[in-house]
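Chemist: my questions are about this predicted structure, shown below with the sequence.
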Amino acid sequence: MSRFSVVSSGEPSPEETAGPALLAALLRRAAGGDEAAFAELYDEVSPRLYGLVRRVVRDPAQSEEVAQEVFLEIWRHSARFDPARGSALSWMMTIAHRRAVDRVRSAEAARGRDDSYGAATHDVSHDSTAEAVVQRLDAERVHRALDTLTEAQRGALELAYLSGYTHTEVATLLDLPLGTAKTRIRDGLIRLRDTLGVTS
């Protein structure tokens, strides 16, 4: 049985929650190639990271795959962690959320290709074709707009609006004060609105 499969939720018990200083120190040691530090880091944060991935991806087997990809990315890029830009947990949760969303989008794209192939043999009216084009263009505009956000803003917005977390839950997941989480979400929404040219 996978180590991930025994975790049923993203809420850690008090003993599972490591302090920010410890996590940052473990990441620094992992960046230097310290495998023991990385193993300790894994033990400290895997319940929370897997819980987040599972909530987004839902499928247990795919969630385990994504969680493994997340830890591989953390190991490979641990030197990129900058404590001046946020906590170690926030950095890792952002990676986990991005990977989980990518997996969901990939699965949706695959289903879309299957649906398109199945519908290719049917006559499609001009109106429904035009509607599909408009929807795709709108989605592309939104994705381009999301790319203009800072990583911190995008991570908070995706948790709040793509994954359905409350502002309090976003703050907890990203290890931020509630006010900071709300500010990131608000600023991200303002920037999206301006990029998309939406008027109040």
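Modeler: Noted; the coordinates are in hand. Residues are numbered from 1 along each chain as shown.

Chemist: hey, let's count contacts and neighbours off CA atoms from now on
Modeler: Fine.

Chemist: which residues are in contact with stretch 25-35?
Modeler: For stretch 25-35, contacts defined as CA atoms under 8 Å, 6 or more residues apart in numbering pick out 37-38, 40-41, 75-79, 81, 88.

Chemist: try 10 Å
Modeler: 20-24, 36-42, 44, 74-83, 88-89, 92 (CA atoms under 10 Å, 6 or more residues apart in numbering).

Chemist: and the helices in the chain?
Modeler: For the chain, the helices defined by DSSP state H occupy 20-31, 35-57, 60-77, 88-119, 126-147, 151-157, 167-173, 178-196.

Chemist: so, low pLDDT: which residues of the chain?
Modeler: The model of the chain has pLDDT under 70 over residues 1-18, 112-139, 142, 198-200.

Chemist: what about 90?
Modeler: The chain contains residues with pLDDT under 90 at 1-19, 84-86, 104, 106-176, 178, 180-182, 184-200.

Chemist: what residues go with each domain of it?
Modeler: If you go by automatic domain parsing, the domain ranges for the chain are 7-122, 126-200.

Chemist: can you put those domains in JSON lines and add mean neighbour count?
Modeler: Formatted as JSON lines, these follow (neighbours: other CA atoms under 10 Å):
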{"stretch": "domain 7-122", "mean neighbour count": "17"}
{"stretch": "domain 126-200", "mean neighbour count": "16"}
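
Chemist: tell me the contacts of Val57?
Modeler: Val57 neighbours (CA under 10 Å, 6+ apart): 63-64, 66, 97, 99-105, 107, 163.

Chemist: mind doing that once more with 6 Å?
Modeler: Contact analysis of Val57 by CA atoms under 6 Å, 6 or more residues apart in numbering lists 63, 100.

Chemist: separation between it and Ala25?
Modeler: For Val57, the distance to Ala25 equals 30 Å [CA to CA, to the nearest Å].

Chemist: again with Arg186
Modeler: Counting by CA to CA, the gap from Arg186 to Ala25 is 31 Å.

Chemist: kindly report the same for Ala110.
Modeler: From Ala110 to Ala25 the distance is 40 Å (CA to CA).

Chemist: kindly report the same for Leu157.
Modeler: Relative to Ala25, and taking CA to CA, Leu157 is found at 28 Å.

Chemist: please name the nearest non-neighbouring residue to the residue nearest the centre of the chain.
Modeler: In the chain, the C-alpha nearest the mean C-alpha coordinate belongs to His97, at 1.5 Å (CA atoms, centre = their mean). Spatial nearest neighbour of His97, chain neighbours left out: Val53 (6.4 Å); criterion: CA to CA, 6 or more residues apart in numbering.
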